[in-house]
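> okay, sequence plus prediction incoming.
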Amino acid sequence: MQLNRRQWLKTTALAGGFTLFNGLTGIQKLTAEEIKKFNPRELKSPIRLSSNENPYGPSERVRNAVKNAFDEGCRYPYAYANELEKLLAQKHGVDPESIIITGGSTEGLKIAGITFTADGGEIIAAKPTFLAMMQYAEMWGAKINWVPVDENMGYDLEEIEKRISSETKMIFICNPNNPTATLLSADTLIDFCNSVSKRAVVFSDEAYYEYIEDPNYPSMVDLVKKGENVVVSKTFSKVFGMAGMRIGYLIAKPELARIIRRNIVAMSNVYAIEGAKEALLDHEFPQFSIQKNKEAKSIIYNTLDHLELPYIKSNTNFVFFKSGKNINELGAQMLEKGISIGRAFPPFYDWCRISTGTLEETKLFSQNLISLY
Ligand SMILES: Cc1ncc(COP(=O)(O)O)c(C=O)c1O
């Protein structure tokens with residue numbers, strides 16, 4: 001269903017403290033030029049703030065690259081993937097053999113998990129975190145050793161290290177973490193990876209790396225380059241806004257990459273690969289995405305401050321906040337208002353994960369949230 005903007009504002013926004021809300025935020029409007037260049041979409045119901053997508057993508061340049069690739073649709077994607085591997089190898093300063101292109105980074109997480117646990121053993125992971133690797137590995141017989149996040153919702157690396165045993169095949173570190181949006185201090189993470197990768201493979205999920213606010217924050221690719229047992233995942237779904245196109249990649253030293261690559265099932269496709277190649281050349285669109293994400297987060301922060309609801313400063317494109325309401329009830333209430341929010345993340349049933357939308361979508365979220373308190 002598509003509502004026109006006026007109907008939408010009448011049915012949802014005006015109900016919920018519109019005047020109050022306008023006083024809360026100095027929201028910048030997109031300039032006409034930005035609108036032309038970055039294609040902000042029409043509002044559609046429900047507004048999807050549930051899956052940490054980037055609503056501005058794919059960029060105009062990626063769209064054109066995909067259109068120009070139509071003729072290649074009759075070809076298998078392998079040669080195209082090899083070209084992308086070379087570009088990614090250059091970007092990260094690794095050997096092309098170290099790059100594994102996958103159908104979204106989700107495929108990378110799944111195949112890396114089963115590569116190391118299919119013959120038994122366990123994965124250590126934080127709770128809560130992004131579940132794709134652990135859910136899949138469990139289906140193939142792996143055990144998962146869950147380590148609760150600490151009182152600040154950050155990683156409890158000390159406890160993780162204590163739990164490492166001969167059974168431990170992989171340690172999954174999602175940094176920044178989903179859903180908590182927390183970031184480990186760089187030194188702590190590097191020390192941890194250096195030390196524990198001697199005993200088990202460390203997997204560093206860097207889906208939200210580009211949103212980290214410290215411009216000098218290191219990628220764990222540095223440790224891959226040093227030959228450590230570290231595997232890194234990256235994605236085109238977030239800052240490049242290509243979630244529906246399904247393309248991501250892993251970076252690992254060639255010996256590890258070779259055995260992980262054997263488990264690929266889906267891989268990607270010519271259109272996503274050609275789009276990704278263009279995306280890598282475009283520095284403007286990711287910067288634009290990062291800027292709009294910051295603006296949307298400040299709308300959310302202002303709203304939560306106004307409502308006096310606790311939240312965690314985010315290094316991602318979503319915010320985790322304590323709504324004080326059961327997440328399933330809050331989800332139903334917000335959906336009634338046309339806004340889809342994040343699911344439950346046990347054991348934090350009175351917390352909510354909200355993804356940044358366009359500024360317009362984020363404003364509507366805020367207005368409607370305010371109306372519930
Ligand atoms: C931490 C994390 N890793 C990986 C993914 C998967 O992304 P994709 O499969 O689209 O690359 C997500 C998706 O939200 C995520 O939050």
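Done, it's in.
> make it CA atoms for all contacts and neighbour counts henceforth
OK.
> pLDDT score for the closest residue to residue 358 other than its chain neighbours?
In space, and not counting its chain neighbours, residue 358 is closest to residue 55: 6.1 Å by Cα to Cα, 6 or more residues apart in numbering. Reported pLDDT at residue 55 in the predicted model: 95.
> before we move on, what about residue 27?
Residue-level pLDDT assigned to residue 27 equals 46.
> likewise residue 43?
At residue 43, the pLDDT value in this model is 81.
> quick check: phi and psi at residue 234.
Backbone geometry at residue 234, expressed as degrees, to the nearest 10, gives phi -140, psi 160.
> surely it meets residue 207?
Yes. Counting by Cα atoms under 8 Å, residue 234 touches residue 207, with 5.2 Å between them.
> what sits in contact with each of those two?
In terms of Cα atoms under 8 Å, 6 or more residues apart in numbering, residue 234 and residue 207 are both contacted by the residues residue 105.
> doesn't the residue nearest to residue 358 lie inside a helix?
No. Going by DSSP: H, G, I helix; E, B strand; the rest coil, the assignment for residue 55 is coil, not a helix.
> and it, how many neighbours?
Residue 55 is flanked by 24 other residues according to other Cα atoms under 10 Å.
> now the one 3 residues further on
For residue 58, the neighbour count with other Cα under 10 Å is 25.
> so what's it closest to, chain neighbours aside?
Using Cα to Cα, 6+ apart and skipping the chain neighbours, the partner closest in space to residue 58 is residue 241 (5.0 Å).
> please, which helix or strand holds the one you found?
Following DSSP states H and E, one finds residue 241 outside all helices and strands.
> wait, doesn't it sit right on residue 55?
Yes. Counting by Cα under 8 Å, residue 55 is a contact partner of residue 241 at 6.7 Å.
> overlap in contacts, those two.
Counting by Cα under 8 Å, 6+ apart, residue 241 and residue 55 have no contacts in common.
> where do the strands of the stretch 201-350 of the chain begin and end?
Remark: strands assigned in the stretch 201-350 of the chain by DSSP state E, counting those that start in this stretch are 201-205, 230-235, 248-251, 318-322, 339-340.
> now residue 320. Nearest residue, chain neighbours left out?
residue 353 is the one closest to residue 320 (Cα to Cα, 6+ apart), at 4.4 Å.
> swap in residue 279?
Residue 279's closest residue in space is residue 62 (Cα to Cα, 6+ apart), at 5.9 Å.
> which SS class is the one you found?
At residue 62, secondary structure determined by three-state DSSP is helix.
> so what's it up against?
Residue 62 touches 275-276, 278-279, counting by Cα under 8 Å, 6+ apart.
> who are the contact partners of residue 210?
Residue 210 makes contact with 239, 290 under the criterion Cα under 8 Å, 6+ apart.
> up against the ligand, what does the stretch 151-300 of the chain have?
Within the stretch 151-300 of the chain, the positions adjacent to the ligand are 174, 178, 205, 207, 235, 237, 243, 248 by Cα under 6 Å from any ligand atom.
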